[in-house]
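Chemist: I would like the atomic coordinates for the input below:
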Amino acid sequence: MWNRTSILVLGPGSTFGLQDEAHRRRRKLLGSAIPRQADAGLREPRRKGNPQGDRHLAGGAGVRGAPFDESDHLNVILRAVFGAQGAEFDALRKVMPPLVALGSQLVFLPWAAHADLGPWSPWGRFLGLRREFDVIVQSLIDRVEADPNLEQRDDVLSLMLQSRYEDGTAMSRSDLADELFTLLAAGHETTATQLAWAVRTVAQASGRVVAVGR
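Modeler: Okay, here's the model as predicted:
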């Protein structure tokens with residue numbers, strides 16, 4: 001259940017904060033932004049972005065008893081969703097874990113999500129991290145829009161930038177940032193943790209030892 005605090009954390013441009021016609025329009029736009037033919041393209045950065053995961057799924061690392069680090073899924077998301085690389089990749093890799101962790105906590109602390117007492121308060125720290133995230137996303141948008149091969153890109157950010165509402169308008173930059181943060185906040189921990197423990201369970205069932213750790 002998404003409450004008012006959840007919407008406050010995710011941002012006013014997140015689908016979860018929209019109502020009625022605005023919500024319908026956004027869902028339709030996002031539904032067309034990631035067409036079925038993009039699936040193959042998204043699988044490629046997922047594979048390249050997680051060589052450690054490939055080794056474990058192949059069974060080699062499990063035999064050797066090397067740890068399976070479920071936090072490495074963030075690398076995959078940063079490439080498949082943001083198309084990030086270089087300095088922007090490193091910046092997102094640094095800011096995303098504390099931003100998502102703090103945002104997840106604030107969802108269950110409504111009183112804290114309304115008190116900005118500067119960097120010493122939870123909400124103040126969250127706002128500072130969110131500003132860092134927004135700056136990085138704006139830089140990514142500038143780079144992606146300037147890419148002459150934009151139409152061939154298959155990361156989610158690029159697909160969103162190319163999508164249009166029924167009246168021909170595009171999603172605003174602030175809405176794009178809110179939607180991207182929502183994807184990270186709503187999916188990156190739950191999916192990664194489930195996959196990591198699934199791999200561990202399968203490995204144990206097959207007689208292999210896989211240590212799951214952060």
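Chemist: tell me which element E88 is part of?
Modeler: Secondary structure assignment for E88, by DSSP states H and E: helix 86-107.
Chemist: Name the residues that touch that helix?
Modeler: Applying Cβ atoms under 8 Å, 6 or more residues apart in numbering, the contact partners of helix 86-107 are 3, 5-6, 9-10, 71, 74-75, 78-79, 82, 84, 112-113, 122-123, 125-126, 129-130, 132-133, 136, 139-140, 143, 181, 184-185, 188-189. In this view, the C-beta of every residue, glycine as well, is placed from N, C-alpha and C.
Chemist: Quick check: next helix or strand after that helix?
Modeler: Immediately after helix 86-107, counting by DSSP H and E, sits helix 122-145.
Chemist: Need the contact partners of that next one.
Modeler: For helix 122-145, the surrounding residues in contact (Cβ under 8 Å, 6+ apart) are 9, 11, 82-84, 88, 91-92, 95-96, 98-99, 102-103, 105-106, 109, 112-119, 150, 153, 157-158, 161, 173-174, 176-177, 180-181.
Chemist: Generate a PyMOL selection restricted to the buried subset of those.
Modeler: Applying 16 or more other Cβ atoms under 10 Å to those leaves a buried subset, and the PyMOL line that selects it is:
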select buried, resi 9+11+82+83+84+88+91+92+95+96+99+102+103+106+112+113+153+157+158+161+176+177+180+181
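Chemist: And the strands in the protein?
Modeler: Assigned by DSSP state E, the chain shows strands spanning 68-69, 212-213.
Chemist: need the least confident one among those, by mean pLDDT.
Modeler: Mean pLDDT per stretch puts strand 212-213 lowest among the strands of the chain, at a mean of 48.
Chemist: Find the residue closest to V156 in space, skipping its chain neighbours.
Modeler: Using Cβ to Cβ, 6 or more residues apart in numbering and skipping residues adjacent in sequence, the residue nearest V156 is V81, 4.5 Å away.
Chemist: same thing with V107?
Modeler: Per Cβ to Cβ, 6+ apart, closest to V107 is S6, 5.0 Å.
Chemist: circling back to that earlier point, who touches the residue nearest to V156 in this structure?
Modeler: V81 touches D155, V156, L157, L180, L183, L184, counting by Cβ under 8 Å, 6+ apart.
Chemist: let's see 7 Å
Modeler: Shown in contact with V81 (Cβ atoms under 7 Å, 6 or more residues apart in numbering): D155, V156, L157, L180, L183.
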